[in-house]
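Colleague: Any chance you could fold what I've pasted below:
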Amino acid sequence: MTALIADYAAVYRRAANIIRANGHNKGYWYPMAETEIAPAECPVCAAGAISIALTGSPKPARCDVPLVEAAVRRLMEHLIPGYKRALAIWDLGVLWNDVPERTADDVIAAFEDAARAEETAGVMAA
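Modeller: Residues are numbered from 1 along each chain as shown. As a prediction, the model looks like this:
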């Protein structure tokens, strides 16, 4: 099977920068209130940041869901060793992003840690 994403580390670094620039959202991909801000510039959840990094939109179009799901699943495997559930996008929100104590700094750190782990794994595989 061919990998959907060639460089997970780059995706996670972009996602960290998106949270850093836009802010962190809980409960949905991005705030749904009427605003002058484009959705890709709004605060986003962790999955929304990955979606912007990969597709340019905080909520993936139906055709982009497998791509975003692949990156989210890989992130969940970093966050929860042994993670094997079917709905990684849902789980990232419910089990991790949306918990009351989760902060933007936590999300950024998780993305950066996952990026470093991916880079280390790439060096080890080479």
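Colleague: what separates Y30 from L54, distance-wise?
Modeller: Y30 sits 15 Å away from L54, going by Cβ to Cβ, to the nearest Å. Every C-beta, even on glycine, is put in place using the N, C-alpha and C of the backbone.
Colleague: More neighbours: which of those two?
Modeller: Y30 (26 against 19; other Cβ atoms under 10 Å).
Colleague: which SS class is that one?
Modeller: coil (DSSP: H, G, I helix; E, B strand; the rest coil).
Colleague: how about the helix or strand bottoming out on mean pLDDT in the chain: buried residues?
Modeller: For the chain, counting by mean pLDDT, DSSP states H and E, helix 88-91 ranks last in confidence among helices and strands (a mean of 80). Under the neighbour-count criterion of 16 or more other Cβ atoms under 10 Å, helix 88-91 has A88, I89, D91 buried.
Colleague: Ok, stretch 93-101 next?
Modeller: Those would be G93, W96, N97, for stretch 93-101 by 16+ other Cβ under 10 Å.
Colleague: Serialize the residues you listed to CSV and add fields for distance to I18 and secondary structure.
Modeller: Shown next, in CSV, are the buried residues of stretch 93-101 (distance: Cβ to Cβ, whole Å; DSSP: H, G, I helix; E, B strand; the rest coil):
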residue, distance to I18, secondary structure
G93, 16, helix
W96, 17, helix
N97, 13, helix
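Colleague: between these, which is nearest R20?
Modeller: N97 (15.5 Å; Cβ to Cβ).
Colleague: Mind pulling up the pLDDT for R20?
Modeller: R20 is assigned 98 on the pLDDT scale.
Colleague: wait, what's in contact with it?
Modeller: Residues in contact with R20 (Cβ atoms under 8 Å, 6 or more residues apart in numbering) are A104, I108.
Colleague: Now the one helix or strand it maps to: buried residues?
Modeller: Taking DSSP states H and E as the criterion, R20 maps to helix 8-22. Residues of helix 8-22 classed as buried: Y8, A9, V11, Y12, R13, R14, A15, A16, N17, I18, I19, N22 (neighbour count, 16+ other Cβ under 10 Å).
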